[in-house]
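> need a 3D model of the following:
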Amino acid sequence: MKLKTRLDYKMRRHLRLRQKIRGSAARPRMSVCITNNHVYIQFIDDDSGHTLASFSTLCLEAGKKHGMAAAKEVGKKAVEAALGKGIKQVVFDRGGQTYAGRVKAIAETAREMGIKL
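Prediction:
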């Protein structure tokens, strides 16, 4: 019998979430991906399969790439890009991550800037 790893549980959570949420042109999916080194945010229209807007820590300056401050900064820049495209409402996809820490900071930043989750 194979022991389950943390990655196995994360993948199961992510697949379970993706069965329930779906983005459209009127209300795209705000997908958050957090790795050990970077934070990525995309606004995706699942009906047409297109990414409408995106931002990540790869686009930030060298000194701002880690931790909560980077997550808040990426959230702010991603929401600015989305608002520029006319996106006001989104479906929040936390990507199998627990709603705490950097994921929560991104969601709260989006709400503060006027995106309805």
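> shaky segments in the chain?
For the chain, the stretches flagged by pLDDT under 70 are 1, 62-64.
> looking at this, A69 is in a helix?
Yes - with DSSP: H, G, I helix; E, B strand; the rest coil as the criterion, A69 is assigned to a helix.
> for it, grab the count of nearby residues.
By the measure other CB atoms under 10 Å, the count of residues near A69 is 13. Using the backbone N, CA and C atoms, a C-beta is placed for each residue, glycine as well.
> secondary structure class for the closest residue to S56 other than its chain neighbours?
Of all residues not flanking S56 in the chain, Y40 sits nearest, at 4.3 Å (CB to CB, 6 or more residues apart in numbering). Three-state call for Y40 (three-state DSSP): strand.
> wait, Y40 sits on V32?
Yes - between Y40 and V32 there is a contact at 7.4 Å, judged by CB atoms under 8 Å.
> tell me which of the two has more neighbours.
Between Y40 and V32, counted using other CB under 10 Å, the more crowded position is V32 (23 against 18).
> bridged to that one, which residues?
Note on V32: beta-bridge partners by DSSP bridges are I41.
> quick one: contacts for the spatially closest residue to A26 that is not a sequence neighbour?
Spatial nearest neighbour of A26, excluding adjacent residues (CB to CB, 6+ apart): Q89 at 7.5 Å. For Q89, the contacting residues are 26-27, 115-116, by CB atoms under 8 Å, 6 or more residues apart in numbering.
> and for I41?
Taking CB under 8 Å, 6+ apart as the test, what I41 contacts is 30-33, 54-56, 74-75, 78, 106.
> and the contacts of Q89, which are buried?
I115 (16 or more other CB atoms under 10 Å).
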